[in-house]
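1. predicted model and sequence follow; I will ask about them next.
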Amino acid sequence: MKTIFFSIIFSLSAIYLKAQSINAIGSWSVSVPSSTIAEAGNDYNMNLTSMTNQTMLDINIPLTTISWRVDVNKQDSFWNNSLTLWIRKTGDGVGTVGSSISPIGTIPFFQLTNMGQPFFSGMKKYMSIPVQYEIRGLSVLIPASTYNTTVVYTITEY
Amino acid sequence: MKYSLIIVFCLCQWVAFCQTTTSTNVGISLPSIALLDIENSGSINLGFNAPSEAGSPMVNNSSNNSAWLNFTSALGMGASRNISVQITSGSGSGYEIVLQPQAYSGGGAGQIGNRNPLINLSNMPQKVIDNIGGAHTGNSLGNGYNLRYSIAITNYGNLRKENTTFIITYTLTDN
């Protein structure tokens, strides 16, 4: 009887934890116009920056006060290492009663790598956390082509 | 023992379920770019000086190296470009215009190509810079390839007293 009891308790816990979710809405695709460089001899002299809410993150942690942390990394499909992708949170979104998020507000850009890095953390449910991207390192030395990478957000409860 | 196994099993489930991921895509398209410019592209004057002594040849003491070739090139992987030069207007008799591109200098970067150091200009296109890849020479005087023009007599018998205007055209082309 005890065996069955413990088994049910732990299994339900596992199911309960599985109910957490993180959802990213909004990708970013940008084409650089060939007219960007107006004068022969020059290179690009710019970074490309997305809208401040290019991606909106929803974090669902139902019925719990468990703390969570979002890590972020990129997984390159076809990318050039001279291009660097930067990311930042530009706001806090909307949290439920008693929720918290850290750091608060807009944070500085940091460079995404293929290794996970802490992005932000919090407690309880949050919706519509705005995320902005920036691509740096543009140069005519990079072969003309379309480059793609996937930004992966991982939520961990602790 | 039974309980231990159950707990271990369930903890494994915990560990497996406590992370969730989502993702989104970021893409960038970089265009092909071909920009060519001549800094100091205004008129230049070349000529011969009459000899001071009967029987002496005419002296060509005029040359000009005020113009610089600037370019920006972005292109697909493995591709290359060249810059050709030709006379598109004007012709002279008994002499020719000689172009001597100088070695690259300036603040650019990339695959800036290989120059042809001596070209006798004609109305047929000739490659002046070849094997250009993704590159930029830098902009303005002092960047790119300095263009040195001079004239050379090819046939005294055909020389005439004349003022002729030539138009010299440079073209950046995919190989």
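-> Nice, thanks for sending it over.

2. CA atoms for contacts and neighbours, from now on please.
-> OK.

3. tell me which helix or strand of the chain sits lowest on mean pLDDT?
-> This is for chain A. Counting by mean pLDDT, DSSP states H and E, chain A has its least confident helix or strand at helix A:2-18, which shows a mean of 50.

4. what pairs with B:Ser84 across the strands?
-> B:Lys127, B:Thr171 (DSSP bridges).

5. one more: B:Trp68?
-> With DSSP bridges as the rule, B:Trp68 is bridged to B:Glu39, B:Asn146.

6. hang on, it packs against B:Tyr149?
-> No. In this structure, B:Trp68 sits apart from B:Tyr149 without contact. The criterion is Cα atoms under 8 Å, and the distance is 11.4 Å.

7. after the least confident helix or strand of chain A, which helix or strand is next?
-> Counting by DSSP states H and E, the element after helix A:2-18 in chain order, helix or strand, is strand A:21-25.

8. residues making contact with the helix or strand following that following strand?
-> Elements were assigned by DSSP H and E; along the chain past strand A:21-25, the next helix or strand is strand A:28-31. The set of residues external to strand A:28-31 that reach it, using Cα atoms under 8 Å, 6 or more residues apart in numbering or on different chains, is A:Ser50, A:Gln54, A:Thr55, B:Asn25, B:Val26, B:Gly27, B:Ile28, B:Ser29, B:Leu30, B:Pro31.

9. which neighbouring elements make contact with the helix or strand encompassing B:Ile151?
-> Under the criterion of DSSP H and E, B:Ile151 resides in strand B:145-153. Helices and strands touching strand B:145-153, by 3 or more Cα pairs under 8 Å, 6 or more residues apart in numbering or on different chains; DSSP states H and E, are strand B:63-74, strand B:95-101.

10. most packed of these?
-> Among the helices and strands packed on strand B:145-153, the stretch with the highest mean neighbour count (mean count of other Cα atoms under 10 Å in any protein chain shown) is strand B:63-74, at a mean of 24.

11. ok and it relative to strand B:95-101, angle-wise?
-> Angular relation of strand B:63-74 and strand B:95-101 on a 0 to 180 degree scale: 50 degrees, by axes from the mean of the first three to the mean of the last three Cα atoms, to 10 degrees.

12. return the set of residues that bridge with A:Gln117.
-> Applying DSSP bridges to A:Gln117 yields these beta-bridge partners: A:Val72.

13. closest to A:Gly98 out of the contacts of strand A:28-31?
-> A:Thr55 (24.3 Å; Cα to Cα).

14. for chain B, what are the low-confidence residue spans?
-> Per-residue confidence for chain B (pLDDT under 70) gives these ranges: B:1-17, B:61.

15. please repeat the previous calculation with a cut-off of 80.
-> By pLDDT under 80, the low-scoring segments of chain B are B:1-19, B:59-61.

16. now do the strands in it.
-> B:19-29, B:33-39, B:63-74, B:81-89, B:95-101, B:109-115, B:119-120, B:126-136, B:145-153, B:167-174 (DSSP state E).

17. got it, and chain A?
-> A:21-25, A:28-31, A:48-49, A:55-60, A:67-78, A:84-89, A:94-95, A:100-102, A:110-111, A:117-123, A:126-136, A:146-157.

18. including mean pLDDT, could those go into a markdown table?
-> Below are these laid out as a markdown table (pLDDT from 0 to 100):
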| stretch | mean pLDDT |
| --- | --- |
| strand A:21-25 | 95 |
| strand A:28-31 | 98 |
| strand A:48-49 | 98 |
| strand A:55-60 | 96 |
| strand A:67-78 | 96 |
| strand A:84-89 | 98 |
| strand A:94-95 | 94 |
| strand A:100-102 | 96 |
| strand A:110-111 | 98 |
| strand A:117-123 | 96 |
| strand A:126-136 | 97 |
| strand A:146-157 | 96 |
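
19. just put these in a markdown table and tack on mean neighbour count and distance to B:Asn175.
-> What follows is those, written out as a markdown table (neighbours: other Cα atoms under 10 Å in any protein chain shown; distance: least, Cα to Cα, whole Å):
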| stretch | mean neighbour count | distance to B:Asn175 |
| --- | --- | --- |
| strand A:21-25 | 20 | 43 |
| strand A:28-31 | 15 | 25 |
| strand A:48-49 | 16 | 31 |
| strand A:55-60 | 21 | 42 |
| strand A:67-78 | 18 | 26 |
| strand A:84-89 | 20 | 30 |
| strand A:94-95 | 16 | 56 |
| strand A:100-102 | 17 | 55 |
| strand A:110-111 | 15 | 37 |
| strand A:117-123 | 18 | 44 |
| strand A:126-136 | 20 | 30 |
| strand A:146-157 | 20 | 22 |
